[in-house]
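1. Predicted coordinates and the sequence they were generated for:
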Protein chains: 2
Amino acid sequence: MAHGGNIFEIQRNCNIHKDDLLDYSANINPLGLPGSLKAMILHSIEDLQHYPDIHYEELKTAISQYYCIDKKDIFVGNGAAQIIFDTINALNPKKTMILAPTFSEYERALKVSGSVIIEHLLKEEENFAVNVEELLKVMDESIDLMVLCNPNNPTSSLLKAEEIRMILEKAVEKNICLMMDEAFMDFVDEEQQYSMLQYYKEYDNLVIVRAFTKFYGIPGLRLGFGLCSNKNLKEKISKRTIPWSLNTFAGYFGKVLLTENSYVEKTHTWLKNEKERFVEKLKEIDGLKIFPPSVNFILIKILKPGFDVLQLQEKLLEKNVLIRNCSNFGNLDKSFFRIAIKNSVDNDKFLEALREAMNK
Amino acid sequence: MAHGGNIFEIQRNCNIHKDDLLDYSANINPLGLPGSLKAMILHSIEDLQHYPDIHYEELKTAISQYYCIDKKDIFVGNGAAQIIFDTINALNPKKTMILAPTFSEYERALKVSGSVIIEHLLKEEENFAVNVEELLKVMDESIDLMVLCNPNNPTSSLLKAEEIRMILEKAVEKNICLMMDEAFMDFVDEEQQYSMLQYYKEYDNLVIVRAFTKFYGIPGLRLGFGLCSNKNLKEKISKRTIPWSLNTFAGYFGKVLLTENSYVEKTHTWLKNEKERFVEKLKEIDGLKIFPPSVNFILIKILKPGFDVLQLQEKLLEKNVLIRNCSNFGNLDKSFFRIAIKNSVDNDKFLEALREAMNK
């Protein structure tokens, strides 16, 4: 399945150097790499000669401290993708409910494991937000696993913790396991109103997936973690995990996590200011419907008759601008695309390119 | 299961800094990191901000050129471990034959996938070499998968390509798939007499596993590849592979592979000279049986009555020296250990430490 951020493919196929691309297709923190990460890598290159700590103790300790969660409930992986695949393989569900649209790798992992997939269709007229009342109605004993992505990719819509708790109560009653993908949660303002991190201990049927990829701008490092207070389930997942699944630098990321308070603050300040400004400017462009973003990416629908995302992609690529075509997401068609929010200078360039492309 | 090279655990538990350890428990090239690898990392730190090429095209092209194999038959993974796990999961064998002793991760992956495991016991009196005639006798239709490790870990014994071809012919006849782990093959002198790389195209039932970990001294980078000319099987394996399974630096390793001829030469020169010298010196120590090594590691048996590997490990740890206790390998007991071959200075230190430990 296609993903955003495939700048190497564009470089190969279109003969544009990757550094000349304005990549709005991947939702990565535009503040760049945290300074302490570069320092850590420079300092530890020679350590590539050693196997990483197979238990990643230092990293788990740092994650545990940073998020105030129990170290023994944490398992780390080669990107959130590994947490997702290993969890689905360990649960081996017969029937799984996912949102539509949502991140495509759940479906890929579920198909490999042979699960029947039920799509819970989100409604455009509700801005693709999860309607909890309706979701509760369709949760029954035949479902083994439910996957929620919060904030959801590509819709950027957000469920509150109290809503998720209602879903979890029903899930407990119906014997459904919930995999909660919070890969973008670090970007959320007042995270504690939305994340399940503070409540995970209460639920035996909950696996939380987190990633450092997006917030710390490090999709090339490959690092995510899972959280589960159900000891048996956690062990079942860990049994499937390949040894030394994180590289040396990812294994040392705890050092970065515990020292980058100002990076975190700057990121929240940037996003708070720029999100609002960018959305307002986008709304000024005719022929687009802007869905309200909760975090650093925005779902947009093209309303211009006879004009679809393929044409828009082509026009934008002429200006070296990439967007994420969303037509391969369930429940979306060729009128949808997703963009990242970047810094104001890049966003202004993007706005100009988009305006021109829409007016042609 | 325990592995060698767990210097972080030793550092935590024994309060010895990892850089002060003489680690003979992991079989890593002692020549250190290739110079071009360090340069590549320094040059591309900023690229961690991008998702790696999801297809790893440049890396596959380089591997294809370096080994003269077909690019379309190559799949890359987060260490050889991922190739092993994904292959076993894709094949989902009911019954699998492995050697005993051999690398422990086959058994772990097979147990997760639910396969029955048949151990083919290697004989001490034959230096734990695979006796092809006997192996052929026990290969029957009930076996779905056979795993061979060549050179075998921890025995360091080596099968010739012509012997493997006999095994493969029988495997074709009995409808058995063969996973051939050649993780240490780059160290072998006159590799073409032993590796299946040049013959893989002839066999539909063969998956070859290779690693850069050991030869290029980069266990912290996580990089291996698989090779399979059976398109259906390769696709089945690739379907299970998580996206972006290699980090940015591992994805750029092709640059290193194609420029390090002198590193390769130096490695072979070192190993040829040092292996012979080291083995001779080891043989001078009383109470040990040295099994003939084919590559950069040696299996050793303690013959001294009332003295086992746990005692030896303890005595050596007092001198900051690590060895690999082999008692958790199938078919081996508490009298076996494995050591790496390093440079002559370290080897002399090791010899002295071992001599003292054995004489106490």
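-> Nice, I can see it. Residues are numbered from 1 along each chain as shown, chains lettered A, B, ... in the order given.
2. tell me the domain ranges of chain A?
-> Chain A breaks down by automatic domain parsing into domains covering A:7-32+A:261-359, A:35-257.
3. Mean pLDDT, mean neighbour count and distance to residue B:342 added to those, as CSV?
-> (Each C-beta comes from the backbone N, C-alpha and C, glycine too.) Output for the domains of chain A, formatted as CSV (pLDDT from 0 to 100; neighbours: other CB atoms under 10 Å in any protein chain shown; distance: least, CB to CB, whole Å):
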stretch, mean pLDDT, mean neighbour count, distance to residue B:342
domain A:7-32+A:261-359, 96, 17, 38
domain A:35-257, 97, 20, 12
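4. right, and these - which one's nearest residue B:329?
-> With CB to CB as the measure, domain A:35-257 is the member of these nearest residue B:329 (15.6 Å).
5. so how far does the closest one reach from one end to the other?
-> Taking CA to CA, to the nearest Å, domain A:35-257 runs 11 Å from one end to the other.
6. do stretch A:24-38 as well
-> End-to-end distance for stretch A:24-38: 24 Å, by CA to CA.
7. So residue A:99: helix, strand or coil?
-> Secondary structure, DSSP: H, G, I helix; E, B strand; the rest coil: residue A:99 is strand.
8. same thing with the one 4 residues further on?
-> Put simply, residue A:103 is coil when judged by three-state DSSP.
9. Could you tell me which residues make contact with the residue nearest to it when sequence neighbours are not counted?
-> Spatial nearest neighbour of residue A:103, excluding adjacent residues (CB to CB, 6 or more residues apart in numbering or on different chains): residue A:153 at 4.6 Å. Shown in contact with residue A:153 (CB atoms under 8 Å, 6 or more residues apart in numbering or on different chains): A:27, A:102-103, A:183-184, A:297.
10. change it to 7 Å
-> Residue A:153 sits next to A:102-103, A:184 when contact means CB atoms under 7 Å, 6 or more residues apart in numbering or on different chains.
11. Redo these as TSV? Include distance to residue A:139.
-> TSV is the format used below for the contacts of residue A:153 (distance: CB to CB, whole Å):
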residue	distance to residue A:139
A:102	16
A:103	20
A:184	24
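12. Looking at those residues, which is nearest chain B?
-> Distance to chain B, by CB to the nearest CB, is smallest for residue A:103 among these, at 10.8 Å.
13. show me what contacts that closest one?
-> The contact partners of residue A:103, by CB under 7 Å, 6+ apart, come to A:149, A:153, A:181.
14. and with 10 Å instead?
-> Counting by CB atoms under 10 Å, 6 or more residues apart in numbering or on different chains, residue A:103 touches A:1, A:3, A:80-81, A:84, A:147, A:149, A:152-154, A:181, A:183, A:329.
15. likewise residue A:200?
-> Contacts of residue A:200 (CB under 10 Å, 6+ apart): A:69-70, A:73, A:168, A:180, A:206-208, A:227-230.
16. what do you get for residue A:203?
-> The neighbours of residue A:203, taking CB under 10 Å, 6+ apart as the test, are A:164-165, A:168-169, A:171-172, A:177-178, A:180, A:196, A:228-230.
17. Show the model's pLDDT score for residue A:1.
-> We have a pLDDT of 53 for residue A:1.
18. Name the residue most distant from the centre of chain A?
-> Distance from the C-alpha centroid of chain A, by CA atoms, centre = their mean, peaks at residue A:360 (33.0 Å).
19. Just the element for residue A:10, please.
-> Using DSSP states H and E, residue A:10 sits in helix A:7-14.
20. So which elements touch the helix or strand that that helix is followed by?
-> Proceeding N to C from helix A:7-14, the next assigned helix or strand is strand A:22-23, under DSSP H and E. If you count contacts as 3 or more CB pairs under 10 Å, 6 or more residues apart in numbering or on different chains; DSSP states H and E, strand A:22-23 packs onto strand A:321-322, strand A:336-340, helix A:344-359.
21. Show me where the stretch 1-150 of chain A has its helices.
-> A:7-14, A:35-44, A:57-67, A:80-91, A:105-113, A:132-138 (DSSP state H, counting those that start in this stretch).
22. Is there proximity between the fourth one and chain B?
-> This points to helix A:80-91. Yes - using CB under 10 Å from any CB of the partner chain, we find that helix A:80-91 touches chain B at A:80-86, A:89-90.
23. Make a markdown table out of those residues and add distance to residue B:265.
-> Below are the residues of helix A:80-91 next to chain B laid out as a markdown table (distance: CB to CB, whole Å):
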| residue | distance to residue B:265 |
| --- | --- |
| A:80 | 42 |
| A:81 | 38 |
| A:82 | 37 |
| A:83 | 42 |
| A:84 | 43 |
| A:85 | 40 |
| A:86 | 41 |
| A:89 | 43 |
| A:90 | 46 |
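24. In JSON lines: the helices and strands packed on strand A:22-23, plus distance to residue B:271.
-> Below are those laid out as JSON lines (distance: least, CB to CB, whole Å):
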{"stretch": "strand A:321-322", "distance to residue B:271": "47"}
{"stretch": "strand A:336-340", "distance to residue B:271": "49"}
{"stretch": "helix A:344-359", "distance to residue B:271": "52"}
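25. In TSV, list these along with distance to chain B.
-> Below are these laid out as TSV (distance: least, CB to the nearest CB, whole Å):
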stretch	distance to chain B
strand A:321-322	11
strand A:336-340	12
helix A:344-359	13
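26. Quick check: residues of the stretch 151-300 of chain A near chain B?
-> A:213, A:216-223, A:236, A:239-252.
27. Can you flag which of those belong to helices?
-> Using DSSP state H, the subset of these located in helices is A:236, A:239-240, A:248-251.
28. Tell me which two in those residues are the farthest apart.
-> Most distant of those, by CB to CB, are A:236 and A:249, 28.4 Å apart.
29. Now do the phi/psi pair for the spatially closest residue to residue A:65 that is not a sequence neighbour.
-> Nearest non-adjacent residue to residue A:65, counting by CB to CB, 6+ apart: residue A:258, 6.6 Å away. Torsion angles at residue A:258 (phi, psi; degrees, to the nearest 10) stand at phi -90, psi 0.
30. ok, whichever residue of the stretch 51-200 of chain A sits closest to chain B - contacts?
-> In the stretch 51-200 of chain A, no residue comes nearer to chain B than residue A:53, which is 3.5 Å away by CB to the nearest CB. Contacts of residue A:53 were listed using CB under 10 Å, 6+ apart, and they are A:59-60, A:244, A:246, A:248, A:251-252, B:5-9, B:11-12, B:18.
31. how about a cut-off of 8 Å?
-> Taking CB under 8 Å, 6+ apart as the test, what residue A:53 contacts is A:251, B:6, B:8-9.
32. Looking at the residues you listed, which is nearest residue A:269?
-> Minimum distance to residue A:269 across those is 30.0 Å, recorded for residue A:251 (CB to CB).
33. does the closest one really touch residue A:50, like I thought?
-> No - between residue A:251 and residue A:50 there is no contact, the gap being 10.3 Å when judged by CB atoms under 8 Å.
34. Check the contact lists of those two and give me the overlap.
-> Shared contacts of residue A:251 and residue A:50, defined by CB under 8 Å, 6+ apart, comprise residue B:220.
35. what residues are up against residue A:155?
-> The contact partners of residue A:155, taken as CB under 8 Å, 6+ apart, are A:101, A:122, A:127-129, A:291, A:299.
36. can you give me phi and psi for residue A:204?
-> phi -80, psi -20.
37. show me what contacts it?
-> So residue A:204 contacts A:172, A:229-230, A:233 (CB under 8 Å, 6+ apart).
38. same deal with residue A:30?
-> So residue A:30 contacts A:217, A:270, A:340-343, A:346 (CB under 8 Å, 6+ apart).
39. tell me which of the residues you listed is nearest to chain B?
-> Closest approach between the contacts of residue A:30 and chain B, by CB to the nearest CB: residue A:217, at 5.1 Å.
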